[in-house]
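Undergrad: with the sequence up front, the predicted model follows.
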Amino acid sequence: MTGRRGFGHRFLTGDGTALHVRATGPEDAPVTLVLAHAWTQDHTEWDPVLPLLPPQARVLRYDHRGHGGSAPARPGTATVAQLADDLAELIAERVPSGRVVLAGHSMGGMTVMALAERHPELVRLRVAGVALIATSCSDMDRLTL
């Protein structure tokens, strides 16, 4: 899949940080599941889940900045707010239409909640469902990664 900000497994955020992305399933699926991993993990954390999903499902997994195959977080950008902005950009570029279901584990869940706070229109218009797994929302946004 090509896009203005990256090709295949690479996606460039607005500040030029390269994120590692993996997509499976048909690009024209009516719903795309976007999976956000936990702190110190990467997209492979979701590998055990993939066989449990229907083969016609489109699934987008990515590595947060500073994790896995993504570029390091530049000073001042290792925040949950920045991860939410990265997720918003990724959805806009790699899932330009259709409904989205978001799943986040731990820090990934915090990222999803921050997405709702920082990009409420995106969530209101596009998100059909959310799964938060072992995550927290109380004062954790004040921590840096």
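TA: That came through, no problem. Numbers count the residues shown, from 1 in each chain.
Undergrad: which helices and strands does the helix or strand hosting T32 pack with?
TA: In this structure, T32 sits in strand 31-36 according to DSSP states H and E. For strand 31-36, the elements it packs on are strand 58-62, helix 80-94, strand 99-105, helix 107-118, judged by 3 or more Cβ pairs under 8 Å, 6 or more residues apart in numbering; DSSP states H and E. C-betas here are computed from N, CA, C, even on glycine.
Undergrad: my guess is D42 meets D63, correct?
TA: Yes. With contact defined as Cβ atoms under 8 Å, D42 reaches D63; the gap is 4.6 Å.
Undergrad: shared neighbours of those two, anything?
TA: 20, 69 (Cβ atoms under 8 Å, 6 or more residues apart in numbering).
Undergrad: of those two, give the one with the bigger neighbour count.
TA: D63 (24 against 18; other Cβ atoms under 10 Å).
Undergrad: now do the buried residues in the strand holding T32.
TA: For strand 31-36, a neighbour-count test (16 or more other Cβ atoms under 10 Å) marks 32-36 as buried.
Undergrad: could you export those as CSV, including distance to L19 and pLDDT?
TA: Converted to CSV, these look like this (distance: Cβ to Cβ, whole Å; pLDDT from 0 to 100):
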residue, distance to L19, pLDDT
T32, 16, 97
L33, 17, 97
V34, 12, 98
L35, 13, 98
A36, 11, 98
